[in-house]
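Undergrad: Only the shape, not the letters, is given here:
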């Protein structure tokens, strides 16, 4: 099957996509198994060997909240820094930023909510109050020359409020971009988005002054929609797509074990569309299969499942 | 979550889609468990109760080849015929057609290969010779006033030859349509299609005189691409989509247990896009969960997995 998929270009789609790999952070953070730091380091090295260039490595969140990532500084010290490799890390607050800078990071990310209820549950703040929490972190990071990514979660719906007004999600994103963030990742945390909804949110972002070149999409496959939504985003000109090797990471706020869009399923589609991305699919599948062994559960990725059985 | 997904219309997509349900035939044929005829009859009745209107019920293939469907006549005799319900059946040859007519069927289907190797393996015929097999069946069915659907399998690639020239697949389809078939179902039997490839095959069909209004698409989710491919087909104007309740049916020619596009995953996307289809998603999920119990394996559908855990 190595000649498949057949490549057929679509001139309306971008020629290149940057895959922002979230498996090591977003993925492992939401897996119940705790993975030893040396396995995490090998995981990141293998993902880089497979051709991924942007790998969110870990989070400098308080270990009390996310014990899975308590080894953040240790992990970063073990990584081989290579030219062209970018290891952004999540920094929820100024203390996290201090630790990230101490560890030599030059690219950080903050994580906001699009909805009132999730802001309350995740940060114990109102939608407005969350900005007061992020502003000093973002401002200082920018002043110190770091790049800052803004995540907005629950963009397409949340488990408590249901649907979310696209303009409300866009307003949260725009406010973070105005603080100095350079990229906005629109997160479908519970996987409820459908293709035209994606277009509506991109329109709302544009209306708030956040252009398509600064937007990334972050889909979950809870209801099987992640790749169709990605196709809709690519058709609108989005060129940065978040994905998780092997589909690592369930979502604690959705009632399914299916989490992030699997990087392999994305790569298969990009290969078929002739969109360059730099990733070696077989090497990636091998890495995800190896990681699934450490996690003690099979990868939910369709491509990993199919190719692991072929080999 | 009953308010989700949020509905956002896309004016470039059709307003209504006909779901052609293949679970009872294509699905159960490819499951290893043999299901009692009364369970199959209940399955079809429950699918009809959930709002599906076109249900491929069974196949009049020789029981030696597909023992799972040896009860075809018995099953049809048990079904409650209701107004507006259509139960097409597969008829591989004239003997099968005789049995279908005897059972009162008014809608049949034939199943051809797009590739030389699969024609040889499945029918022990060359690509050209397969038409000699179908022609008397199709001609007689049409003469007797039956509707005839033409399936073409391996349209986007096969496990032996790899990629398939879109024009070759279209030529096979066009030849069946010239015999008098009224609908052409383009089958991605091993799930290797990607969205622009779908467009290329639809173009090739159009060039061969088979317009979009006579085409159905039949995707497998082996590599997670089925719904993105469906979106691409809808954007081209296709309004008939084959799907299998709960994603029933692996593929004996692909190395994965993941088979047909799950009807539930399709319905979620159509609901989000505001495309009408007539199906009650919760009733359908209940039916697939019940059937999974009879098959002794969980449904591979993302939506069934998520909603069954929610409830």
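TA: Great, that's in hand. None of the values given here were measured: they were computed from a predicted structure.
Undergrad: what residue ranges in the stretch 1-150 of chain A score low on pLDDT?
TA: In the predicted model, the stretch 1-150 of chain A carries pLDDT under 70 at residues A:1-2.
Undergrad: And the strands in it, which stretches?
TA: Assigned by DSSP state E, counting those that start in this stretch, the stretch 1-150 of chain A shows strands spanning A:18-21, A:54-55, A:58-59, A:89-90, A:107-113, A:147-153.
Undergrad: I'd like those as a markdown table, with distance to residue B:156 and mean neighbour count appended.
TA: Heads up, the C-betas are built off the backbone N, CA and C, glycines and all. Below are the strands of the stretch 1-150 of chain A laid out as a markdown table (distance: least, C-beta to C-beta, whole Å; neighbours: other C-beta atoms under 10 Å in any protein chain shown):
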| stretch | distance to residue B:156 | mean neighbour count |
| --- | --- | --- |
| strand A:18-21 | 24 | 23 |
| strand A:54-55 | 31 | 22 |
| strand A:58-59 | 40 | 28 |
| strand A:89-90 | 40 | 26 |
| strand A:107-113 | 38 | 24 |
| strand A:147-153 | 36 | 24 |
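Undergrad: Present the ones you listed as TSV; the columns should include distance to residue B:103.
TA: Shown next, in TSV, are the strands of the stretch 1-150 of chain A (distance: least, C-beta to C-beta, whole Å):
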stretch	distance to residue B:103
strand A:18-21	53
strand A:54-55	59
strand A:58-59	62
strand A:89-90	62
strand A:107-113	58
strand A:147-153	54
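Undergrad: With residue A:291 as the reference, name the closest of the ones you listed.
TA: Closest approach to residue A:291 among the strands of the stretch 1-150 of chain A (C-beta to C-beta): strand A:18-21, 12.4 Å.
Undergrad: Helices along chain A, start to end?
TA: Assigned by DSSP state H, the helices in chain A fall at A:28-29, A:37-49, A:72-78, A:94-102, A:116-123, A:129-143, A:166-179, A:195-207, A:226-235, A:263-273, A:281-295, A:302-310.
Undergrad: Out of these, which gets nearest to residue A:66?
TA: Judged by C-beta to C-beta, the one of the helices of chain A that comes nearest to residue A:66 is helix A:28-29, at 5.6 Å.
Undergrad: sorry, back to before: TSV for the helices of chain A, including distance to chain B and mean neighbour count?
TA: Shown next, in TSV, are those (distance: least, C-beta to the nearest C-beta, whole Å; neighbours: other C-beta atoms under 10 Å in any protein chain shown):
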stretch	distance to chain B	mean neighbour count
helix A:28-29	20	23
helix A:37-49	19	19
helix A:72-78	30	18
helix A:94-102	32	18
helix A:116-123	14	18
helix A:129-143	23	17
helix A:166-179	8	21
helix A:195-207	4	22
helix A:226-235	4	26
helix A:263-273	2	26
helix A:281-295	10	20
helix A:302-310	3	23
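Undergrad: For those, please prepare JSON lines with the additional fields distance to residue B:98.
TA: Compiled in JSON lines, the helices of chain A are given as follows (distance: least, C-beta to C-beta, whole Å):
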{"stretch": "helix A:28-29", "distance to residue B:98": "60"}
{"stretch": "helix A:37-49", "distance to residue B:98": "59"}
{"stretch": "helix A:72-78", "distance to residue B:98": "69"}
{"stretch": "helix A:94-102", "distance to residue B:98": "74"}
{"stretch": "helix A:116-123", "distance to residue B:98": "62"}
{"stretch": "helix A:129-143", "distance to residue B:98": "71"}
{"stretch": "helix A:166-179", "distance to residue B:98": "57"}
{"stretch": "helix A:195-207", "distance to residue B:98": "45"}
{"stretch": "helix A:226-235", "distance to residue B:98": "42"}
{"stretch": "helix A:263-273", "distance to residue B:98": "42"}
{"stretch": "helix A:281-295", "distance to residue B:98": "48"}
{"stretch": "helix A:302-310", "distance to residue B:98": "39"}
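Undergrad: Out of these, flag the one nearest residue B:193.
TA: Set against residue B:193 and scored by C-beta to C-beta, the helices of chain A come closest in helix A:263-273, at 7.4 Å.
Undergrad: picking that back up, nearest to residue B:278, of the helices of chain A?
TA: When the helices of chain A are compared by C-beta to C-beta, helix A:195-207 sits nearest residue B:278, at 20.0 Å.
Undergrad: That closest one versus helix A:166-179: what angle between them?
TA: 40 degrees (axes from the mean of the first three to the mean of the last three C-alpha atoms, to 10 degrees).
Undergrad: can you give me the mean pLDDT across helix A:195-207?
TA: Mean pLDDT, computed over helix A:195-207, is 98.
Undergrad: What is it packed up against?
TA: Here helix A:195-207 touches helix A:166-179, strand A:183-188, strand A:215-219, helix A:226-235, helix B:263-273, going by 3 or more C-beta pairs under 8 Å, 6 or more residues apart in numbering or on different chains; DSSP states H and E.
Undergrad: And the pLDDT for the nearest residue to residue A:14 once chain neighbours are set aside?
TA: The shortest distance from residue A:14 to any residue other than its chain neighbours is 4.9 Å, reached at residue A:239 (C-beta to C-beta, 6 or more residues apart in numbering or on different chains). If you check residue A:239, the pLDDT there is 98.
Undergrad: for residue A:239, what are its contacts?
TA: By C-beta atoms under 8 Å, 6 or more residues apart in numbering or on different chains, the contact set of residue A:239 is A:14, A:16, A:17, A:18, A:213.
Undergrad: Run a quick neighbour tally on the second one.
TA: For residue A:16, the tally of surrounding residues (other C-beta atoms under 10 Å in any protein chain shown) stands at 10.
Undergrad: Contacts only, for the residue lying closest to it once chain neighbours are set aside.
TA: Excluding the flanking residues, the one nearest residue A:16 by C-beta to C-beta, 6+ apart is residue A:276, at 4.7 Å. By C-beta under 8 Å, 6+ apart, the contact set of residue A:276 is A:15, A:16, A:17, A:270.
Undergrad: Can you add distance to residue B:307 and give those residues back as JSON lines?
TA: Listed next are these as JSON lines, based on distance: C-beta to C-beta, whole Å:
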{"residue": "A:15", "distance to residue B:307": "38"}
{"residue": "A:16", "distance to residue B:307": "37"}
{"residue": "A:17", "distance to residue B:307": "31"}
{"residue": "A:270", "distance to residue B:307": "30"}
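Undergrad: between these, which is nearest chain B?
TA: When the contacts of residue A:276 are compared for distance to chain B (C-beta to the nearest C-beta), residue A:270 wins out at 8.6 Å.
Undergrad: okay but that closest one is in contact with residue A:277, surely?
TA: Yes. Using C-beta atoms under 8 Å as the test, residue A:270 is close enough to residue A:277 to be in contact (5.1 Å).
Undergrad: intersection of neighbour lists for these two?
TA: In contact with both residue A:270 and residue A:277: residue A:17, using C-beta under 8 Å, 6+ apart.
Undergrad: burial count for the closest residue to chain B within the stretch 51-200 of chain A?
TA: With C-beta to the nearest C-beta, the shortest gap between the stretch 51-200 of chain A and chain B falls at residue A:194, namely 2.4 Å. Per other C-beta under 10 Å, the neighbour tally for residue A:194 reads 30.
Undergrad: Would you quantify the distance from the closest residue in space to it that isn't next to it in sequence to residue B:214?
TA: Closest residue in space to residue A:194, ignoring its immediate chain neighbours: residue B:272 at 2.4 Å, by C-beta to C-beta, 6+ apart. Distance of residue B:272 to residue B:214, given as C-beta to C-beta, to the nearest Å: 27 Å.
Undergrad: ditto for residue A:39
TA: Residue A:39 is 54 Å from residue B:214, by C-beta to C-beta.
Undergrad: Ok, residue A:141 next?
TA: 58 Å.
Undergrad: residues contacting residue A:207?
TA: By C-beta under 8 Å, 6+ apart, the contact set of residue A:207 is A:167, A:170.
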